[in-house]
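From the sequence below, what's the structure:
(chains A and B)
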Number of protein chains: 2
Amino acid sequence: MKTGPRNLITDVAGLRVGNAEDHSIRTGATVLVADRPFTASVDVMGGSPGARETDLLAADKLVNGVDALVLSGGSAFGLDAASGVADALLKQGRGFVVGPVRVPIVPGAILFDLINGGDKDWGDNPYRRLGAEALANAAEDFALGTAGCGTGALTATLKGGLGSASIVLRSGHTVGALVGANGTGTATVGDHPNFWAAPYEMDGEFGGLGTWPHPVPFIETSWTKRDYASAISNTTIAIVATDAVLSKAEAKRFAVAAQDGIARAMSPAHGLTDGDLVFAVATGERPVVDPIVDGMHLGHAAAVCLARAIARAVYLAAPATGDPVPTWREKFGR
Amino acid sequence: MKTGPRNLITDVAGLRVGNAEDHSIRTGATVLVADRPFTASVDVMGGSPGARETDLLAADKLVNGVDALVLSGGSAFGLDAASGVADALLKQGRGFVVGPVRVPIVPGAILFDLINGGDKDWGDNPYRRLGAEALANAAEDFALGTAGCGTGALTATLKGGLGSASIVLRSGHTVGALVGANGTGTATVGDHPNFWAAPYEMDGEFGGLGTWPHPVPFIETSWTKRDYASAISNTTIAIVATDAVLSKAEAKRFAVAAQDGIARAMSPAHGLTDGDLVFAVATGERPVVDPIVDGMHLGHAAAVCLARAIARAVYLAAPATGDPVPTWREKFGR
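From the prediction side, this is the model:
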């Protein structure tokens, strides 16, 4: 088993990712797009989700092809990023055909980054612009850490960010994850630099420190953010993707399985103040031989990639003046 | 933070647990009961659930008090265990009052243990009897390991079992977990005796070995059971409980948060062939000061207790002739 060549979600052939940032506001947006519509689903486990166009992803709903997915900062204001993407996609001739018109299908989700040291007196909502910029920047390579929807992200103890990771399975399927890591909990164990996701690390992609070898007292595993307002302002939003042929229902199972990646990389997770949510994408390029066994490996790979992506997001975060918490590199001097 | 005095779910005051086993069939049932009805909810993440009376646990449904919960082996046949419990509870004068009649409310869930070396030519379905026996055995102390619904449980590499654990929070709330650990995945890391749940271990309750310090290749984290039939015959079923005052909706969140305990203790988990499901119980003895912050700690405690309970189930399993896999103690000679 090895990572894809980029160790990014774009190792799934045909996918491109674009970021846009406003460093004054300390926020941004990230868009995932493909040359043609893809199968998608979503699973919501957090208690404070913020999303749009997620209802149509249910297996019993009509639309089978999604044009793009958007992850954005900005809490509910950030849902406008998907509007900017939809308008831009229409100009490219993209969208679900309804007689003479097209409607680009652009589900989106947000994370809460309104209390992170940025200037939130933005006047006109900036997210429509950020979404369009992110789409224009879409490419196979993109930045991680303090970038895109992870620009203003924070965890309980360290700066969060944008993460990604991939793996190529023995079946030949590629699986990748993309995440804005901004959870209530911690990505590292107690006061130590070791990541919760360490058992799943590949090629030293987040420092190669291994696991913290000892049990950690409950009080150290239950840290939430610094004060009441920040403690309730969170959310990890993610996309997992594969080149496998999956139905919408199979993509739902792929999203559910991936939630374990959040559980393994963040502690605590999936609480009332997290909007933790995972989109699933299947580009449908590579058939599945056995839907049960291959489905199991794809789901496990999604969980593993998502855990690794969260650790990479925190590991790669870059400092900015006035950050409420240090970056991993600042805190541990590495 | 410390465990409750028994390190069992029955550290939540008022709860009792009873086991019944048939060692010839290699199966059993476990009942959780209280002196008076309790608030309950459920969250289902697995792809192959088997359950009854779970629909009425939704927050919009009528019944607010549950009389007992049943975890059973036997796949769909094991749902009869709850029937045996309901009949016995009626004789005790228990049940939801509807005019002149009472209907005991007994949600139940099953795990698949039909391919475990036991004699499954049982003639009449034995689970009604096992359920009634388990109820009759209900007490504050009960056996773990090869007991109750965990009697015939298996994980991918080691014998599974029945587990439990508890914690007392700084708020004074007690949280406990009870689990039949029979998952698709592994409870230990690769070929090593160390448990996935090790970061959360308290007082050496599953050997005190700490974590496995190095990353593990994907192939070793993706083991499923030995052959095709056993690979698709799984399920981790659990109950988490607290003495906190929770609404049905808050109990739902408590159940969702607890799912992370399965993710952290089993790898892989929550797949298509797992019926992974968590019941939540709130006895309502101790008010919650802040539903958000206390709710977060309660949910995290539930996840931590459930992870520990899964590791204890595997750690405490006892061998039987013809087991398809070794116990932890057999395999690691400890």
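
burial measure for A:Asp35, as a count.
10 (other C-beta atoms under 10 Å in any protein chain shown). Just so you know, the C-beta spots here come from the backbone N, C-alpha and C atoms, and that holds for glycine as well.

quick one: which helix or strand includes it?
For A:Asp35, the element it lies in under DSSP states H and E is strand A:27-44.

so what strands line up beside that strand?
strand A:15-22 (antiparallel), strand A:66-72 (antiparallel), strand A:277-286 (antiparallel) (DSSP bridges).

of all the ones you listed, which gets the most neighbours per residue?
Neighbour counts (mean count of other C-beta atoms under 10 Å in any protein chain shown) averaged over each of the strands paired with strand A:27-44 peak at strand A:66-72, with a mean of 30.

after that one comes which helix or strand?
Once strand A:66-72 ends, the next helix or strand along the chain (criterion: DSSP H and E) is helix A:80-91.

Same question for that next one: list its buried residues.
Neighbour-count burial for helix A:80-91 flags A:80-86, A:88-89 (criterion: 16 or more other C-beta atoms under 10 Å in any protein chain shown).

Mind picking the one among those that's closest to chain B?
A:Ala82 (25.8 Å; C-beta to the nearest C-beta).

on that earlier part again, can you lay out the strands paired with strand A:27-44 as JSON lines showing mean pLDDT?
JSON lines is the format used below for the strands paired with strand A:27-44 (pLDDT from 0 to 100):
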{"stretch": "strand A:15-22", "mean pLDDT": "98"}
{"stretch": "strand A:66-72", "mean pLDDT": "98"}
{"stretch": "strand A:277-286", "mean pLDDT": "98"}
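
Which stretch among those approaches A:Thr151 most closely?
Closest approach to A:Thr151 among the strands paired with strand A:27-44 (C-beta to C-beta): strand A:15-22, 4.6 Å.

Stretch A:294-310 near chain B at all?
Yes: contact of stretch A:294-310 with chain B (C-beta under 8 Å from any C-beta of the partner chain) involves A:295-297, A:299-301, A:303-304.

Most neighbours among those, which one?
A:Ala303 (34 neighbours).

That one: what's it in contact with?
Contacts for A:Ala303 (C-beta atoms under 8 Å, 6 or more residues apart in numbering or on different chains) come out as A:257-261, A:264, B:263, B:268.

could I get the residues of stretch A:294-310 next to chain B as a markdown table with secondary structure and pLDDT?
Shown next, in a markdown table, are these (DSSP: H, G, I helix; E, B strand; the rest coil; pLDDT from 0 to 100):
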| residue | secondary structure | pLDDT |
| --- | --- | --- |
| A:Gly295 | helix | 93 |
| A:Met296 | helix | 93 |
| A:His297 | helix | 95 |
| A:Gly299 | helix | 97 |
| A:His300 | helix | 97 |
| A:Ala301 | helix | 98 |
| A:Ala303 | helix | 98 |
| A:Val304 | helix | 98 |
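
Check the stretch 1-150 of chain A for the residue nearest chain B and tell me.
A:Met1 (3.9 Å).

in the stretch 51-200 of chain A, which spans are strands?
A:51-52, A:66-72, A:96-98, A:101-103, A:108-110, A:161-168, A:174-181 (DSSP state E, counting those that start in this stretch).

Nearest to B:Ala282, out of those?
Closest to B:Ala282 of those is strand A:51-52 (C-beta to C-beta; 28.6 Å).

what mean pLDDT would you report for that closest one?
When pLDDT is averaged along strand A:51-52, the result is 98.

again with stretch A:228-236
What stretch A:228-236 shows for mean pLDDT is 84.

Centre of the chain to that stretch, how far?
Its chain's average C-alpha position is 17 Å from that of stretch A:228-236, according to C-alpha atoms, centre = their mean, to the nearest Å.

Next one: A:Arg253 relative to A:His297, how far apart?
Counting by C-beta to C-beta, to the nearest Å, the separation of A:Arg253 from A:His297 is 12 Å.

can I get the contacts of A:Ala303 in a markdown table with secondary structure and neighbour count?
Formatted as a markdown table, the contacts of A:Ala303 follow (DSSP: H, G, I helix; E, B strand; the rest coil; neighbours: other C-beta atoms under 10 Å in any protein chain shown):
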| residue | secondary structure | neighbour count |
| --- | --- | --- |
| A:Ala257 | helix | 34 |
| A:Ala258 | helix | 30 |
| A:Gln259 | helix | 32 |
| A:Asp260 | helix | 31 |
| A:Gly261 | helix | 31 |
| A:Arg264 | helix | 28 |
| B:Ala263 | helix | 29 |
| B:Pro268 | coil | 26 |
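
tell me the contacts of A:Ser48?
A:112, A:232, A:234-235, A:272-275.

What is the burial count for the residue of the stretch 1-150 of chain A closest to chain B?
A:Met1: 15 surrounding residues under other C-beta under 10 Å.

so what pLDDT did the closest residue to chain B within the stretch 51-200 of chain A get?
Relative to chain B, the nearest point of the stretch 51-200 of chain A is A:Pro199 (5.5 Å; C-beta to the nearest C-beta). Among the per-residue scores, A:Pro199 holds a pLDDT of 97.

And for A:Ile219?
86.

and the end-to-end length of stretch A:89-106?
End-to-end distance for stretch A:89-106, by C-alpha to C-alpha, to the nearest Å: 9 Å.

thinking again about what came up before, check the contacts of A:Ala303 against A:Ala143 and report the nearest one.
Using C-beta to C-beta, the contacts of A:Ala303 come closest to A:Ala143 at A:Gly261, 21.1 Å.

Figure out the helix or strand that the nearest residue to the closest one once chain neighbours are set aside lives in.
Of all residues not flanking A:Gly261 in the chain, A:Leu306 sits nearest, at 2.8 Å (C-beta to C-beta, 6 or more residues apart in numbering or on different chains). Here A:Leu306, judged by DSSP H and E, is contained in helix A:293-315.

gap between that helix and the chain center?
Mean-position distance between helix A:293-315 and its chain equals 11 Å (C-alpha atoms, centre = their mean).

Next, the buried residues of the helix or strand just after that helix.
Toward the C-terminal end, the helix or strand that comes next after helix A:293-315 (DSSP H and E) is helix A:328-332. Applying a neighbour-count criterion of 16+ other C-beta under 10 Å, one finds A:328-329, A:332 buried in helix A:328-332.

what sits against A:Glu53?
Per C-beta under 8 Å, 6+ apart, neighbours of A:Glu53: A:82, A:105-108.

make it 10 Å
Going by C-beta atoms under 10 Å, 6 or more residues apart in numbering or on different chains, A:Glu53 touches A:40, A:42, A:63, A:66, A:69-70, A:79, A:82, A:86, A:104-109.

quick one: contacts for the spatially closest residue to A:Phe218 that is not a sequence neighbour?
Among residues not flanking A:Phe218 along the chain, B:Met1 sits closest, at 3.9 Å (C-beta to C-beta, 6+ apart). Neighbour list for B:Met1: A:217-222, B:167-170, B:202, B:301, B:304 [criterion: C-beta under 10 Å, 6+ apart].
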